[in-house]
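Chemist: How does the following fold in three dimensions:
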Amino acid sequence: MSVLVNAEERRIREGTTLERLLTDLGKAHSGIAVAMDGEVVSRADWPSKELSQGARVEILTAVQGG
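Modeler: Next up, the predicted model:
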(Lines give C-alpha, C1' and ligand atoms only; values in the text may rest on other atoms or scores of the structure.)
Protein backbone atom coordinates (compact mmCIF):
# COMPACT_ATOMS: atom_id res chain seq x y z
CA MET A 1 0.00 0.00 0.00
CA SER A 2 1.13 3.59 -0.28
CA VAL A 3 1.28 6.53 2.12
CA LEU A 4 2.59 10.07 1.81
CA VAL A 5 5.55 10.93 4.02
CA ASN A 6 6.35 14.65 3.95
CA ALA A 7 4.48 14.82 0.62
CA GLU A 8 6.54 11.96 -0.90
CA GLU A 9 4.80 8.71 -1.80
CA ARG A 10 6.18 5.62 -0.03
CA ARG A 11 5.25 1.97 -0.43
CA ILE A 12 4.84 0.13 2.88
CA ARG A 13 3.53 -3.22 4.05
CA GLU A 14 0.00 -3.48 5.36
CA GLY A 15 0.01 -3.36 9.17
CA THR A 16 3.05 -1.05 9.35
CA THR A 17 3.03 1.07 12.50
CA LEU A 18 4.24 4.63 12.78
CA GLU A 19 7.20 3.44 14.86
CA ARG A 20 8.18 0.86 12.20
CA LEU A 21 7.94 3.50 9.47
CA LEU A 22 10.25 5.84 11.39
CA THR A 23 12.73 3.02 12.00
CA ASP A 24 12.65 1.98 8.33
CA LEU A 25 13.29 5.60 7.32
CA GLY A 26 16.26 5.78 9.70
CA LYS A 27 14.69 8.56 11.75
CA ALA A 28 15.90 9.00 15.32
CA HIS A 29 12.97 8.78 17.71
CA SER A 30 14.11 11.80 19.69
CA GLY A 31 13.88 15.39 18.54
CA ILE A 32 10.98 14.76 16.16
CA ALA A 33 7.22 15.18 16.16
CA VAL A 34 4.85 13.26 13.92
CA ALA A 35 1.42 14.13 12.58
CA MET A 36 -0.82 11.71 10.72
CA ASP A 37 -3.69 13.00 8.60
CA GLY A 38 -3.34 16.42 10.23
CA GLU A 39 -3.36 15.18 13.84
CA VAL A 40 -0.27 15.11 16.08
CA VAL A 41 0.40 11.56 17.27
CA SER A 42 1.74 11.15 20.80
CA ARG A 43 5.10 9.35 20.97
CA ALA A 44 3.47 6.79 23.30
CA ASP A 45 1.08 5.85 20.46
CA TRP A 46 3.73 5.31 17.77
CA PRO A 47 4.17 1.56 18.44
CA SER A 48 0.44 0.83 18.07
CA LYS A 49 -0.64 3.42 15.46
CA GLU A 50 -1.09 1.51 12.20
CA LEU A 51 -0.91 3.35 8.91
CA SER A 52 -3.72 3.02 6.40
CA GLN A 53 -3.77 3.33 2.62
CA GLY A 54 -3.29 6.96 1.60
CA ALA A 55 -2.34 8.18 5.09
CA ARG A 56 -0.51 11.53 5.16
CA VAL A 57 2.43 11.51 7.57
CA GLU A 58 4.41 14.63 8.41
CA ILE A 59 7.70 14.21 10.27
CA LEU A 60 8.98 17.41 11.84
CA THR A 61 12.52 17.71 13.18
CA ALA A 62 13.42 20.11 15.96
CA VAL A 63 16.10 22.56 14.84
CA GLN A 64 18.14 24.56 17.28
CA GLY A 65 18.88 28.10 16.25
CA GLY A 66 20.27 31.23 17.61
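Chemist: mind listing the helices for this structure?
Modeler: 18-24 (DSSP state H).
Chemist: so where's it shaky on pLDDT?
Modeler: Counting by pLDDT under 70, the ranges of the chain that qualify are 66.
Chemist: for the residue nearest to residue 38 when sequence neighbours are not counted, what are its contacts?
Modeler: In this structure, residue 38 finds its nearest non-sequential neighbour in residue 56, 7.2 Å apart by C-beta to C-beta, 6 or more residues apart in numbering. C-beta: built from backbone N, CA, C; applies to glycine. Contacts for residue 56 were tallied using C-beta atoms under 8 Å, 6 or more residues apart in numbering; they are 3, 4, 36, 37, 38.
Chemist: Going through those, which ones are buried?
Modeler: Neighbour-count burial (16 or more other C-beta atoms under 10 Å) is assigned, among the contacts of residue 56, to 3, 36.
Chemist: So which of the contacts of residue 56 belong to strands?
Modeler: Using DSSP state E, the subset of the contacts of residue 56 located in strands is 3, 4, 36.
Chemist: give me every residue that touches the last one.
Modeler: Spelled out, it's residue 36. Here residue 36 is in contact with 18, 49, 51, 55, 56, 57, 58 (C-beta under 8 Å, 6+ apart).
Chemist: Which of those are buried, as a ChimeraX select command?
Modeler: Selection of the buried residues among the contacts of residue 36 in ChimeraX, burial being defined by 16+ other C-beta under 10 Å:
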select :18,49,51,55,57,58
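Chemist: how about TSV for the contacts of residue 56, with distance to residue 63 added?
Modeler: Converted to TSV, those look like this (distance: C-beta to C-beta, whole Å):
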residue	distance to residue 63
3	24
4	22
36	21
37	24
38	22
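Chemist: which of the contacts of residue 56 lies closest to residue 26?
Modeler: Nearest to residue 26 among the contacts of residue 56 is residue 3, at 16.6 Å by C-beta to C-beta.
Chemist: hey, what's the closest one bridged with?
Modeler: residue 10 (DSSP bridges).
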